[in-house]
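Student: Got a sequence here, can you build the structure:
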Amino acid sequence: MGPFIELYTDGAASGNPGPGGFGVVLLFGKFRKEISGGFRRTTNNRMELLAVIVGLESITNRDLNVKIYSDSKYVVDAINLKWIYGWKKIGFAKKANPDLWQRFLRIYDPAKHEFIWVKGHASNKENNRCDELAVAACRFPKLMIDEGYEASKRGAL
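Tutor: Here you go, the predicted model:
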């Protein structure tokens with residue numbers, strides 16, 4: 001395997017559902033990028049998945065391999081155990097977060113993206129930084145609206 005990007009992600013929600021946020025740390029050689037965002041009402045699983053999506057979408061060189069580190073079994077198992085393909089076959093019927101999973105599938109490259117589960121709130125420095133970013137993001141004033149979550153509560157998804 002040639003050069004690769006390390007992508008660390010985490011999501012948080014206070015109340016679940018409640019105010020939520022995501023945090024991303026991208027590492028490539030000497031380069032580091034941090035990204036975060038917060039929403040007024042969402043869920044922890046949505047933020048975990050959105051962190052991965054935002055991280056992958058922010059990568060401009062699609063030729064590089066990416067090692068994605070997440071403490072979310074929901075996200076990592078959905079990919080590594082290939083649940084996502086079964087959900088796609090049934091059009092995500094009765095599955096949570098279909099809007100985000102469909103967005104994820106538009107950027108996911110199984111040949112270039114490797115998912116690695118890490119224990120949350122443990123000794124992984126970058127995962128802990130992502131947690132700090134996510135928690136801080138859900139405390140921002142004037143949080144964004146998670147349209148996908150709010151639409152699902154209105155029955156629009």
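
Student: In this structure, mark out all the strands, start to finish.
Tutor: For the chain, the strands defined by DSSP state E cover 4-13, 18-28, 31-42, 65-70, 113-117.

Student: what helices or strands is the longest one leaning on?
Tutor: For strand 31-42, the packing partners by 3 or more C-beta pairs under 8 Å, 6 or more residues apart in numbering; DSSP states H and E come out as strand 18-28, helix 44-57, helix 125-137, helix 147-153. All C-beta spots, glycine's among them, are computed from the backbone N, C-alpha and C.

Student: can the strands of the chain go into JSON lines with extra columns for mean neighbour count and distance to Ile79?
Tutor: What follows is these, written out as JSON lines (neighbours: other C-beta atoms under 10 Å; distance: least, C-beta to C-beta, whole Å):
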{"stretch": "strand 4-13", "mean neighbour count": "26", "distance to Ile79": "12"}
{"stretch": "strand 18-28", "mean neighbour count": "23", "distance to Ile79": "17"}
{"stretch": "strand 31-42", "mean neighbour count": "18", "distance to Ile79": "20"}
{"stretch": "strand 65-70", "mean neighbour count": "20", "distance to Ile79": "9"}
{"stretch": "strand 113-117", "mean neighbour count": "17", "distance to Ile79": "5"}
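
Student: Minimum distance to Asn97: which of these has it?
Tutor: Nearest to Asn97, of all the strands of the chain, is strand 31-42, at 10.0 Å by C-beta to C-beta.

Student: coming back round to it: let me have the strands of the chain in JSON lines, extended by distance to Val52 and mean pLDDT.
Tutor: Putting the strands of the chain into JSON lines (distance: least, C-beta to C-beta, whole Å; pLDDT from 0 to 100) gives the following:
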{"stretch": "strand 4-13", "distance to Val52": "5", "mean pLDDT": "97"}
{"stretch": "strand 18-28", "distance to Val52": "8", "mean pLDDT": "98"}
{"stretch": "strand 31-42", "distance to Val52": "11", "mean pLDDT": "97"}
{"stretch": "strand 65-70", "distance to Val52": "6", "mean pLDDT": "98"}
{"stretch": "strand 113-117", "distance to Val52": "8", "mean pLDDT": "98"}
